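> Provided below are the primary sequence and the corresponding predicted coordinates.
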Amino acid sequence: MSVFSAASEWVDRLAVIALEMTCRNARELRPATHEQAIALLDAVVTRLAERGIKTQRRKLHVPLPRADTVPEQGTSRPAPLAITIELEHGWMLVTDEPVASPLVEIVGRCDEAGIDALLDLAYLIDEGVYGDAFHR
């Protein structure tokens, strides 16, 4: 094995370890109960209102207004994005549809301090910057 490939392998391992540690640390901040998740989603609604976006929580998700540039998002028709929380994972993006929706996990602080970063990323996805986030 060459020195270059050995070094490359260690760089890859360190990157995976760093990502796992970041995910683990971010997940420690997620809500522990449905009541805490609902309170956090209500805080998302408040933060959106502060940004001039009017929406409301629907059970366990907060729909975002659909941008004109949003791709079809894994469905047969364009659907708005919604933010939800899974207790085991934290923030998730879903399509705002009454049927089962594909999930996109967002790794980040799942608490009030992480809302702005979540919303910034959700806007980029909603505008189609990353294409269809639900494409597998």
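Structure's in. What do you need?
> what helix or strand is residue 56 on?
Using DSSP states H and E, residue 56 sits in no helix or strand.
> nearest spatial neighbour of the residue nearest the centre of the chain, chain-adjacent residues omitted?
Of all residues in the chain, the one closest to the mean position by Cα atoms, centre = their mean is residue 106, 3.3 Å from it. Spatially, and ignoring its direct neighbours in sequence, residue 106 is nearest to residue 91 (3.9 Å; Cβ to Cβ, 6 or more residues apart in numbering). All C-beta spots, glycine's among them, are computed from the backbone N, C-alpha and C.
> show me what that neighbour bridges to in the sheet.
Per DSSP bridges, the residues bridged to residue 91 are residue 85.
> that one - how many residues pack around it?
If you count neighbours by other Cβ atoms under 10 Å, residue 91 ends up with 25.
> you'd agree it is up against residue 108?
Yes - taking Cβ atoms under 8 Å as the definition, residue 91 is a contact partner of residue 108 at 6.3 Å.
> spit out the contact partners of the residue nearest to residue 106.
Residues in contact with residue 91, defined by Cβ atoms under 8 Å, 6 or more residues apart in numbering, are 83-85, 105-106, 108, 110, 114, 118.
> these in strands, which ones?
83-85, 105 (DSSP state E).
> quick one: the helices in this protein?
Using DSSP state H, the helices assigned to the chain run over residues 3-27, 34-50, 115-126.
> export those helices to CSV and append columns for mean neighbour count and distance to residue 65.
CSV is the format used below for the helices of the chain (neighbours: other Cβ atoms under 10 Å; distance: least, Cβ to Cβ, whole Å):
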stretch, mean neighbour count, distance to residue 65
helix 3-27, 11, 27
helix 34-50, 15, 9
helix 115-126, 17, 8
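> overlap in contacts, residue 91 and residue 108.
Contacts common to residue 91 and residue 108, judged by Cβ under 8 Å, 6+ apart, are 114, 118.
> identify the residues contacting stretch 104-121?
Here stretch 104-121 makes contact (Cβ under 8 Å, 6+ apart) with 22-23, 26-27, 29-31, 40, 43-44, 47-48, 51, 83, 85, 89-94, 125, 133-134.
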